[in-house]
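S.K.: could you work out the structure for the sequence below:
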Amino acid sequence: MKKIYFASDQHFGAPTPELSLPREKKFVAWLDEVKEDAEAIFLLGDLFDFWFEYKTVVPKGFVRVLGKLAEIRDSGIPIYFFVGNHDLWMNDYFEKELNIPVYHDNKEFTFNGKTFLIGHGDGKGPGDKGYKRMKKVFTNPFSKWLFRWFHPDLGVGLAQYLSVKNKLISGDEDIKFLGEDKEWLILYAKRKLETKHYNYFVFGHRHLPMIRTVGENSEYVNLGDWIGYFTYGVFDGEKFELLEYKK
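M.R.: The predicted model follows:
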């Protein structure tokens, strides 16, 4: 079979459009390469550092990556998009304009007899109760309706200002593995295995590339990011690997 590709957490637009552009060009080059043998491509959220769909307006920019996704999808290669915590206000723009389905929660897939549970990973597992409460507010229809009344220059500008404060984007935050007893997504995967078996749990959000065994013939995969690691996942029908894009 051809290969299944996975990537997550590009955060295009941060910390500024100018500084984000080289990363966007690098990601487009990666898309150009993987399209040659891709059975499907999964994007697991936070493609943009901020995204909001007004009724007739979307944030400007990102022309290169959007054009490349349109080209690949038009060629017949399926692309699946899972919203992250930075682009959770995505609605139907990708579906209508690019014919790319958008998922707001985990979804199960089966490839070559292997079962996958795929999602961005935010708000899963124990802990992080503050974010979980905040997410409920952000995804509330009234909150989205209220934000839509902000002029885009104001709303997008505010989001970009807050992004500059993000230590993860600026490189000031040192992400470390917390241990299997404290990594929320690992605990989440192990809990899911109590009721159903999956060969692979594939998530983003954590920004720390890793593959960890969580059960018999079951692995948890975090895809890392395209800020400092430039890592992606590939499943060739038999095994799952994490690779670094170095070009």
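
S.K.: please count neighbours and contacts with C-alpha atoms only from this point.
M.R.: Fine.

S.K.: for stretch 106-126, could you pull out the residues that count as buried?
M.R.: Burial within stretch 106-126, assessed by neighbour count using 16 or more other Cα atoms under 10 Å, is assigned to 106, 115, 116, 117, 118, 119, 120, 121, 122, 123, 124, 125.

S.K.: now for those: which two are most distant?
M.R.: Maximum pairwise distance in the buried residues of stretch 106-126, criterion Cα to Cα, is 22.0 Å, between 115 and 123.

S.K.: quick check: the spatially most central residue of the chain vs residue 150, distance?
M.R.: The central residue of the chain, meaning the one whose C-alpha is nearest the mean C-alpha position (Cα atoms, centre = their mean), is residue 45 at 2.1 Å. Taking Cα to Cα, to the nearest Å as the measure, residue 45 falls 24 Å from residue 150.

S.K.: hmm, back to that, so can I have TSV of the buried residues of stretch 106-126 showing distance to residue 195, pLDDT and secondary structure?
M.R.: As requested, those are arranged in TSV below (distance: Cα to Cα, whole Å; pLDDT from 0 to 100; DSSP: H, G, I helix; E, B strand; the rest coil):
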residue	distance to residue 195	pLDDT	secondary structure
106	16	96	coil
115	14	98	strand
116	15	98	strand
117	13	98	strand
118	17	98	strand
119	18	96	coil
120	21	95	coil
121	19	90	coil
122	21	87	coil
123	20	79	coil
124	16	86	coil
125	15	69	coil
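
S.K.: just put these in JSON lines and tack on distance to residue 82.
M.R.: What follows is the buried residues of stretch 106-126, written out as JSON lines (distance: Cα to Cα, whole Å):
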{"residue": "106", "distance to residue 82": "8"}
{"residue": "115", "distance to residue 82": "17"}
{"residue": "116", "distance to residue 82": "14"}
{"residue": "117", "distance to residue 82": "12"}
{"residue": "118", "distance to residue 82": "8"}
{"residue": "119", "distance to residue 82": "6"}
{"residue": "120", "distance to residue 82": "6"}
{"residue": "121", "distance to residue 82": "10"}
{"residue": "122", "distance to residue 82": "11"}
{"residue": "123", "distance to residue 82": "14"}
{"residue": "124", "distance to residue 82": "14"}
{"residue": "125", "distance to residue 82": "18"}
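
S.K.: next structured bit after the lengthiest helix in the chain?
M.R.: The helix of greatest length in the chain, counted in residues with DSSP state H as the criterion, is given as helix 17-34. Moving toward the C-terminus from helix 17-34, the first helix or strand encountered (DSSP states H and E) is strand 38-43.

S.K.: so in the chain, where's the weakest helix or strand by average pLDDT?
M.R.: Here the helix or strand of the chain ranked lowest by mean pLDDT, DSSP states H and E is helix 167-170, holding a mean of 52.

S.K.: ok, then the element right after that one?
M.R.: helix 184-193.

S.K.: each with direction, which strands does the helix or strand just after that following helix pair with?
M.R.: Using DSSP H and E, the helix or strand that follows helix 184-193 in sequence is strand 200-203. Within its sheet, and counting by DSSP bridges, strand 200-203 is paired with strand 114-118 (parallel), strand 218-222 (parallel).

S.K.: let's have those strands in a markdown table, adding distance to residue 156.
M.R.: A markdown table is the format used below for those (distance: least, Cα to Cα, whole Å):
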| stretch | distance to residue 156 |
| --- | --- |
| strand 114-118 | 29 |
| strand 218-222 | 29 |
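
S.K.: which of those strands sits closest to residue 22?
M.R.: Taking Cα to Cα as the criterion, residue 22 comes closest to strand 218-222 out of the strands paired with strand 200-203, the separation being 23.4 Å.

S.K.: all set, thanks.
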